[in-house]
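Novice: Okay, here's the prediction I keep looking at, along with the sequence it came from:
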Amino acid sequence: MVRGVLVGILLICILGLGNAAEPEYVKYKDPKQPVAARVNDLITRMTLQEKIGQMIQLDRTMATPQIMKDYSIGSVLSGGGSTPLPQARAEDWVNMINGFQKASLSSRLGIPMIYGIDAVHGHNNVYNATIFPHNIGLGATRDPALVKKIGAATALEVRATGIPYVFAPCIAVCRDPRWGRCYESYSEDPNIVQDMTEIILGLQGDIQSNNRKGLPYVGGKDKVAACAKHFVGDGGTTKGINENNTVIDMHGLLSIHMPAYSDSIIKGVSTIMVSYSSWNGEKMHANRELVTGFLKDTLKFKGFVISDWEGIDRITSPSHANYTYSVQAGIQAGIDMVMLPFNHTEFIDDLTFLVKNNVTSMDRIDDAVGRILLVKFTMGLFEDPMADFSLVNELGSQAHRDIAREAVRKSLVLLKNGENQTNPILPLPKKAPMILVAGTHADNLGYQCGGWTINWQGFSGNNYTRGTTILGAIKSAVDPSTEIIYRENPDGDFVKSNKFDYAIVVVGEAPYAETAGDSQTLTMLDPGPNAINNVCKAVKCVVIIVSGRPLVIEPYVSSIGALVAAWLPGTEGQGITDVLFGDYGFSGELPRTWFKSVDQLPMNVGDPHYDPLFPFGFGLKTESVPSIVARSTSNSVDARPYLLFIMVSMIFSFYFTGI
């Protein structure tokens, strides 16, 4: 009897231990559950501090594993030029990001963080990455399919470094080239900007047919979450002053600056960034009518809204003057994730105070956190949070450089080609006894790439990343017998004393980003004008302008033989020589109006008194040399010598083969 009781007790204990060992079922960890159910389940388990932590994005310089774990920080970013090491390899990035992620996963609820970076023309912060043309050049291509390919290539390079989130694309409609971010805009024409939202499908993947409008979509580990920016009207500020006031009525805002956002949402964009600028005097970071009322309620955007860098601080002037008010205004407006990016405890304290005193509702906090978690679940971060080395060879791959080279040649806009159609200068002959290459931008990879490259403001010289300068491309393109003389700023006597067959002069702007690029004069970098005058008055010349926007060029046009707008082409300089020497024809069209004088600005196509130097959409076309050879009716080259050569070759072939 006693023995039976003891056995029974032992069995009960064993069964009890077995039940205790079974893990508790947690709905948010179950990938078979609908995303909405997982989001709701997780939110019910979160404390207020954990919710506020998810709303924070910290710069990597401030984030530590302990902070990530203790505060359940939702996101980390690299600002412009912020890298784990100088000339960091893809593996270095992966290791750094996994360090942050391990800390996030060790928090109470194990919510993964999302790492973000500006990849606005390729993976531009990263050494050895492919640097594509800036958006203004892509607008000149009029080729959305190409832009989608660039998005897919960029996603692979970003994922190669372990990063799943990019602050791109910029879908601003730049209405004044004096704006320092104008090169981040595809065009002054909202229709072109709308077309170029195709890059979102490249970055995130083609959305599934059953994906509901407004829902974010990211199609796997070779894709990234995108961010349409900067909502809304950032390209329309007065005098093009960065972060300034956009004065326009609702109809103008909706017809010019809003359409690309609607397209982006339809294409499943995951996040949208708010603009520093104001609309009719009200800071966008505090504009509840547009951020919540229009973007979320009318356009039905379901992803998360993120602030710009210290964006809520700038709600007040001076910045950070009343931070508690800024936090209140920004969160109430509808901002879900706040790019702080430095002081997390101040933000946590202020938002906690606002919630506990019923100034900011828990519903608003839950909406913000729910949107952030929705994107994370949709991306698969909960199932696959850690980065690996499987894609490291995608960084700067030749396949991506080939796409960038294609983009460069399609972006070039030919503005002048000789004095008339019967005597064109381009394409140039590859074989010539001696040619001159001149100008500040001929042998400077940093100038060629522009701002947002390696560093926030860009760089000068050829030592900070890998690529091909225009001079290097010319050396590769011409016949080995052609002697190339390079002088950055040759004097007139030097040019006259040498018997150059022709000259290529490459001039433009020094790199800049954001406010540092604001310019009321739009002049080229000295001694650019001097180089044009000295060279083009002495020898047949081609002038290539490397710039983020139209510059003052009217005074020099008459002395220039051929004029090419190359925008900011990036690392693949051979795309320029592909077209210059006729391997491909010129096909680019101006994405924005080229003014005669800055006194005309702002001036956009359709304006009254529209009187440009070169109108929107202008671009002379040339044919590639092979197609010229094949056609006897070419207007630009006499095809008869080529036809005679072909006929003689055929006769010899018939004679010797007996055909």
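Specialist: Sure, I can see it.

Novice: wait, isn't residue 147 in contact with residue 140?
Specialist: No - in this structure, residue 147 is not within contact of residue 140 by C-beta atoms under 8 Å, at 11.4 Å. Every residue, glycine included, has its C-beta placed from N, CA and C.

Novice: And the residue nearest the centre of this structure?
Specialist: residue 120 (1.8 Å; C-alpha atoms, centre = their mean).

Novice: tell me which element it is part of?
Specialist: Assessed by DSSP states H and E, residue 120 sits outside every helix and strand.

Novice: Read off the pLDDT value for it.
Specialist: Here the pLDDT value assigned to residue 120 is 98.

Novice: what about residue 67, how many neighbours?
Specialist: 19 (other C-beta atoms under 10 Å).

Novice: Give me the phi and psi for it.
Specialist: phi -60, psi -40 (degrees, to the nearest 10).

Novice: Contacts only, for the residue nearest to it when sequence neighbours are not counted.
Specialist: In this structure, residue 67 finds its nearest non-sequential neighbour in residue 73, 6.3 Å apart by C-beta to C-beta, 6 or more residues apart in numbering. Contact analysis of residue 73 by C-beta atoms under 8 Å, 6 or more residues apart in numbering lists 53, 54, 56, 57, 58, 63, 67, 104, 113, 344.

Novice: redo that, cut-off 6 Å
Specialist: 53, 56, 58 (C-beta atoms under 6 Å, 6 or more residues apart in numbering).

Novice: which one of the residues you listed is nearest residue 369?
Specialist: residue 53 (9.4 Å; C-beta to C-beta).

Novice: for the helix or strand hosting the closest one, what is the average pLDDT?
Specialist: Element membership for residue 53 (DSSP H and E) is helix 48-54. Taken as a whole, helix 48-54 has a mean pLDDT of 98.

Novice: Likewise for stretch 412-422?
Specialist: Rounded mean pLDDT across stretch 412-422 is 93.

Novice: in that stretch, what counts as buried?
Specialist: 412, 413, 414, 415, 416, 417 (16 or more other C-beta atoms under 10 Å).

Novice: Could you list the residues in contact with that stretch?
Specialist: 140, 424-426, 562-566, 579, 586, 588, 590, 614, 619-620, 635.

Novice: Do me a favour and get the backbone dihedrals for residue 282.
Specialist: Dihedral angles for residue 282 - degrees, to the nearest 10 - are phi -100, psi 130.

Novice: begin at 556 from here
Specialist: Yes, from this point I'll number from 556; that puts the last item at residue 837.

Novice: Could you check the pLDDT of it?
Specialist: pLDDT at residue 837 comes out at 98.

Novice: got it, and residue 769?
Specialist: 81.

Novice: leaving aside the residues next to it on the chain, what's closest to residue 642?
Specialist: Spatial nearest neighbour of residue 642, excluding adjacent residues (C-beta to C-beta, 6+ apart): residue 682 at 4.4 Å.

Novice: hmm, back to that, among the contacts of stretch 967-977, name the ones in strands.
Specialist: 1117, 1118, 1119, 1120, 1121 (DSSP state E).

Novice: Tabulate those in TSV, adding columns for pLDDT, neighbour count and distance to residue 913.
Specialist: As requested, the ones in strands among the contacts of stretch 967-977 are arranged in TSV below (pLDDT from 0 to 100; neighbours: other C-beta atoms under 10 Å; distance: C-beta to C-beta, whole Å):
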residue	pLDDT	neighbour count	distance to residue 913
1117	98	25	68
1118	98	23	64
1119	98	25	62
1120	99	29	57
1121	99	27	57
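
Novice: which of the residues you listed lies closest to residue 781?
Specialist: residue 1121 (26.9 Å).

Novice: State the distance from the closest one to residue 1127.
Specialist: 12 Å (C-beta to C-beta, to the nearest Å).

Novice: Among the buried residues of stretch 967-977, which lie within strands?
Specialist: Reading strands off the buried residues of stretch 967-977 with DSSP E, I get 968, 969, 970, 971, 972.

Novice: Show me the beta-bridge partners of the fourth one.
Specialist: Here residue 971 shows beta-bridge partners residue 1118, assigned using DSSP bridges.

Novice: per-residue pLDDT, residue 1181?
Specialist: So, for residue 1181, pLDDT stands at 70.

Novice: Okay, and it sits in which element?
Specialist: helix 1180-1185.

Novice: coming back round to it: output the ones in strands among the contacts of stretch 967-977 in a markdown table, with distance to residue 1154 appended to each entry.
Specialist: Converted to a markdown table, these look like this (distance: C-beta to C-beta, whole Å):
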| residue | distance to residue 1154 |
| --- | --- |
| 1117 | 27 |
| 1118 | 22 |
| 1119 | 25 |
| 1120 | 21 |
| 1121 | 26 |
